[in-house]
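Undergrad: no FASTA, just this:
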């Protein structure tokens, strides 16, 4: 290998250059801006080819290789691209964001400076109801009247919080202490720098329907407005393999195989044997793993073999 | 090497066993509890000796080796000890804590469960004044009367915030959204697991006088009540080398050498040459690096050679 | 939450205690020993319940929760268990091992000490043939006669390498330089400490049939002899969901759904539309993604709709 | 804060652009090439100012802020610059390199491809003698005649190793196994991507006189030929504060203070009290910590108060 060219140019992505620095709005006062980036789709290929010891190939083969790498979770070449964002986001949402540890972060300091004078507000039609089925989720919206009242009370609280924050500062209280009762929804800003592998992992978790709506809004914007422009081939592969993918466990597989062969009774026996199907006096006992399997069977248009027993 | 013994016992630290699970109180409603740990002082030595290919030595040599390793920042053997804490801490403080990325974390979820019904409160004599000299710090306390009023207003705000949180829940709003205006000082809980090297780094930064008082309270407790019991030799070395240490830059050194030799005029010229000493029409121009050098000279009982020019 | 018990005991696993320090042999002169550990199956549950804000539950529910967490890739509770191994392994194999970055490592230093006097040897019946289908793999063994010759030459080389290493040391050459031509297969030793989440990721990759045989031998031993004893519930879940699992991409799913419904022609058209099925003058063009899909269909006992066109 | 400009340009460093892709030679057949980079000196400042909530300042203040940040180990703004290198380096040296875990890596695969046909060779005048004082170091060179012989034997070994490697491949042995006895000094290649904070940490350790000469050659080249061009202000600060710096422990300080005040006897008593000075029947007992302190006193031109007792 290693017939190194004497000079190279940086990888440049014109579609991304066009939006450098542009603030894409999110929520009522947040934004995402691309500050800088390193690499393009070819940089992924280039890094993979160092591993494989191949020289440069035709661009037409790049797509196939990128898809292969992502499908098989060969993740290190994706670490060779890097992006730096400037984000403005409610602290509440930032608390979730920052749990992704493999990233570089500089956050606005409310010890050093006066807190940003804005907390995320909720319109009357945006109050989400607790989901019954999912302890972590929401489902539908509060009615108009209730929403109106909730929004008024939110404004009352946010106003009082700001008033008291300002009082503390006027009294000469240290900023680090004055901020202590600001609402979690107060906006913060940060520079966030991350490699593509870790960014895709972030997007896979935070664009997911189970993610909280606020962080999903940021993740979806980053995916669709930024990554799609920056690395169209990697983005396409990510959607085909990660977002649209489907995981079958060993237990799922064993039942699926019998069902696809039409062996419904054997499938029932297999489920019993695997410990996910048993009967109490009121019919089938609840089993979370079986419920998930049933959803997967339905997603494939396959019958649930024990459906008549429920 | 490698005449492996056929069996070993786990490293056990009786002084730490005694406090396993005990909640040490911090702030008005926080705590730190040790849940589990791995390793003792000898584990550091043992790991270092794998590197050096030595067999077991006398315990009496352990102290010298631990001190040598810490003094010379041979950090990997310190990663061989691990501790798991259960902490209860205001979210405001947790925001700083969590910036230490190399740790394992499970935090109480206010998406899944109802938020802990307690925010850190401030007594009238605990309101700290903004430091004039340090934009990030505090200095002294507000007077009694102002403190009284600030505490009343804090209670008013925290009560309203809780009232509105409860209203939202009663209206069936999703927990993930209901929590959005809780005060930053609301308590959270977490399991936090970290290796000794990263823990010492955390302690060095967070026990420092420049750290915010709240996180300093946690860090000091962890250092003095936990690490001191767990690993007395490493803790002693940490205090001697990391906490009590002193860093001289190249510029400091060059001036120090001249000052200790009594060559005051040469020292002034050196400072000028190094770009940290220059005069405006009102005397010496301010220079942050020179101020720091002056503090270091004073700490050694040495004269500041340009003192009469200020 | 947080009715903290006043005292706790460390999590202890009797089945693991029994093998602490015992060297399990691997390859011709390697081993794996457990030096220490933190946590048991219940520690995973305990950490998850901090997140969920639940108190202690019946042990009978632990299995269900562990399986749920692993199935849904809620990985942080698995980081709450930690293990420390002492391993002896050829450097060649260690090169792959060490690419897993999230672990703590102390390796035997051949700068400081004389290199271990043993390189991995190969018996005549152990020489593996290059796989034709997989550029990274092996397939079958060399014949007896060739194997005999290869082993002789291996010994010749390893002997010369050792002889020259010793010559250098005798001539007073620095160990850091004397070692430079030792064979990659020379054994090294290390302490390796890792949390369970990262260990399972290591095992998923290194127990895989595509992993090189040498590191697979280590990984399989660690999985079956160590993790299975240490955390039987997590190990069972790992086998059901990670090892025995099966990933379907969006493209796989779309074809699968048609095939399971018996719509073979529609499935062919879908594959064409998805860009994985096209014809050249000699029949179907090769497409790596389609080949993988075909294997998955076969694994489920489903027909390949375009089989007669190949 | 946050009066975001509508558009920005990427940070560009003309002096670095000029050497993009250029292979700087190291050792007898290695190289370092810059493939891409993100950020410049101003990017450090920009990130710090997000933390401080300040808008853009004059460039003339950048130097002061960068120096302040580095002096006080405010490391996160330095993580906002990133560089990607292509390196060719003996595996022996790469083993040390790769121990720096916080970096992205794609290495040439000798499972997938035929190993690079070159191992680092040693000229007769380059054989280093083992240091007597430092078990990890070297000191001076072997004489001409010995060097001649050592080089011949090195060639003999490297030739045999290559011959046998080729034999194995010709016999159809899998590349993953054929490579097992290649010399550690065989060259490999890799893409290595790292942020500036971690790069400076790497340079501080690997440009150090205690680092092995081979990796020092790479680190010095990266520092002096790459970082110095890329980020001249950060590089200057790094040299002043990190490379030219000097760490005094608590024990050093206490003795220094007495010595600089001319209180030699008190200094002797202090050293005794601190446990670093005690007498055996043959004079002072050896103490590693005292020796280090003596070197530091000498470096400052200060007398060693117990010099006449040795």
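TA: Thanks, I have the structure now. Predicted, not measured: the structure shown is a model, and the values here were computed from it.

Undergrad: who in the stretch 101-250 of chain A is up against chain D?
TA: With Cβ under 8 Å from any Cβ of the partner chain as the criterion, the stretch 101-250 of chain A meets chain D at residues A:104-109, A:112-114, A:116, A:189-191, A:193, A:195. Just so you know, the C-beta spots here come from the backbone N, C-alpha and C atoms, and that holds for glycine as well.

Undergrad: quick one: low-confidence ranges for chain A?
TA: By pLDDT under 70, the weakly predicted segments of chain A are A:1-7, A:53-60, A:310.

Undergrad: quick one, phi/psi of residue A:83?
TA: Residue A:83 adopts backbone torsions of phi -140, psi 150, taken as degrees, to the nearest 10.

Undergrad: Show me where the stretch 201-310 of chain A has its strands.
TA: A:246-248, A:279-280, A:283-284 (DSSP state E, counting those that start in this stretch).

Undergrad: who does the closest residue to residue A:87 other than its chain neighbours bridge with?
TA: Spatially, and ignoring its direct neighbours in sequence, residue A:87 is nearest to residue A:32 (5.2 Å; Cβ to Cβ, 6 or more residues apart in numbering or on different chains). Under the criterion DSSP bridges, residue A:32 forms beta bridges with residue A:24, residue A:87.

Undergrad: Residue A:32 is in contact with residue A:93, isn't it?
TA: No. Shown here, residue A:32 and residue A:93 do not form a contact pair, counting by Cβ atoms under 8 Å, at 11.9 Å.

Undergrad: more neighbours, those two?
TA: residue A:93 (27 against 22; other Cβ atoms under 10 Å in any protein chain shown).

Undergrad: Can you tell me the SS state at the more buried one?
TA: What DSSP: H, G, I helix; E, B strand; the rest coil gives for residue A:93 is helix.

Undergrad: got the contact list for it?
TA: Residues in contact with residue A:93, defined by Cβ atoms under 8 Å, 6 or more residues apart in numbering or on different chains, are A:212, A:214, A:215, A:218.

Undergrad: what's the burial count for residue A:25?
TA: 11.

Undergrad: That one: what's its closest spatial neighbour, skipping adjacent residues?
TA: Nearest one to residue A:25, counting by Cβ to Cβ, 6+ apart, is residue A:31 at 5.5 Å.

Undergrad: Residue A:253 and residue C:301 touch, don't they?
TA: No. Assessed by Cβ under 8 Å, residue A:253 is found out of contact with residue C:301, at 10.7 Å.

Undergrad: For the stretch 151-300 of chain A, what lies in contact range of chain B?
TA: Applying Cβ under 8 Å from any Cβ, we find that the stretch 151-300 of chain A lies next to chain B at A:153-154, A:156-158, A:160-161, A:164, A:167-168, A:171-177, A:179-186, A:212.

Undergrad: Between helix B:144-170 and the helix ranked longest in chain A, find me the angle.
TA: The helix that spans the most residues within chain A, counting by DSSP state H, is helix A:144-170. Counting by axes from the mean of the first three to the mean of the last three Cα atoms, to 10 degrees, helix A:144-170 points 160 degrees away from the direction of helix B:144-170.

Undergrad: And residue A:9, its phi and psi?
TA: As for residue A:9, its main-chain torsions (degrees, to the nearest 10) stand at phi -100, psi 160.

Undergrad: Distance check, residue A:307 against residue A:290.
TA: Distance of residue A:307 to residue A:290, computed by Cβ to Cβ, to the nearest Å: 12 Å.

Undergrad: Between these two, which is the more surrounded one?
TA: Neighbours were tallied for residue A:307 and for residue A:290 using other Cβ under 10 Å; the higher tally belongs to residue A:290 (21 against 10).

Undergrad: Spell out which parts of the stretch 51-200 of chain A neighbour chain C.
TA: Residues of the stretch 51-200 of chain A lying near chain C (Cβ under 8 Å from any Cβ): A:64, A:67, A:68, A:71.

Undergrad: Filter these down to the buried ones.
TA: Taking 16 or more other Cβ atoms under 10 Å in any protein chain shown as the criterion, what is buried in those is A:64, A:67, A:71.

Undergrad: Now secondary structure and distance to residue A:235 too, for those residues, in a markdown table please.
TA: Listed next are those as a markdown table, based on DSSP: H, G, I helix; E, B strand; the rest coil; distance: Cβ to Cβ, whole Å:
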| residue | secondary structure | distance to residue A:235 |
| --- | --- | --- |
| A:64 | helix | 16 |
| A:67 | helix | 11 |
| A:71 | helix | 14 |
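
Undergrad: what's the offset of the helix or strand harbouring residue A:200 from the middle of its chain?
TA: Element membership of residue A:200, judged by DSSP states H and E, is helix A:196-206. Here the centre of helix A:196-206 is set off from its chain's centre by 6 Å, with Cα atoms, centre = their mean, to the nearest Å.

Undergrad: Now tell me what touches it from outside.
TA: Contact with helix A:196-206 is made by A:39, A:44, A:75-76, A:78-83, A:96-97, A:100, A:102-103, A:194, A:211, A:215-216, A:218-219, A:222-223, A:227, A:231, A:234, A:238, A:242-243, as judged by Cβ under 8 Å, 6+ apart.

Undergrad: Kindly report the same for stretch A:273-293.
TA: By Cβ under 8 Å, 6+ apart, stretch A:273-293 touches A:251-252, A:254-255, A:268, A:271-272, A:306, A:309-310, C:64, C:67-68, C:71.

Undergrad: so how far is residue A:161 from residue A:113?
TA: For residue A:113 relative to residue A:161 (Cβ to Cβ), the value is 18 Å.

Undergrad: Between these two, which has more neighbouring residues?
TA: More crowded of residue A:113 and residue A:161, by other Cβ under 10 Å: residue A:161, with 22 against 16.

Undergrad: ok, that one to residue B:181 distance?
TA: Counting by Cβ to Cβ, the gap from residue A:161 to residue B:181 is 7 Å.

Undergrad: Identify the contacts common to the two.
TA: Common neighbours of residue A:161 and residue B:181 (Cβ under 8 Å, 6+ apart) are A:119, A:183, B:161.

Undergrad: Buried ones among the residues of the stretch 151-300 of chain A next to chain B?
TA: A:153-154, A:157-158, A:160-161, A:164, A:168, A:171-177, A:179-186, A:212.

Undergrad: need the contact list for the closest residue to residue A:241 other than its chain neighbours.
TA: For residue A:241, ignoring the flanking residues on the chain, the nearest one in space by Cβ to Cβ, 6+ apart is residue C:249 at 4.7 Å. Neighbouring residues of residue C:249 by Cβ under 8 Å, 6+ apart: A:71, A:240, A:241, A:244, A:245, A:246.

Undergrad: Residue A:180 too?
TA: Shown in contact with residue A:180 (Cβ under 8 Å, 6+ apart): B:90, B:92, B:120, B:122, B:183, B:184, B:185.

Undergrad: Just the buried residues of the contacts of helix A:196-206.
TA: Applying 16+ other Cβ under 10 Å to the contacts of helix A:196-206 flags A:39, A:44, A:75-76, A:78-83, A:96-97, A:100, A:102-103, A:194, A:211, A:215-216, A:218-219, A:222-223, A:227, A:231, A:234, A:238, A:242 as buried.

Undergrad: and the residues you listed, which of them are in helices?
TA: A:44, A:96, A:97, A:215, A:216, A:218, A:219, A:234, A:238.

Undergrad: show me what contacts the fifth one?
TA: Residue A:216 sits next to A:206, A:207, A:208, A:209 when contact means Cβ under 8 Å, 6+ apart.

Undergrad: wait, which of these is closest to residue A:138?
TA: Among those, residue A:209 lies closest to residue A:138 (Cβ to Cβ), at 11.0 Å.
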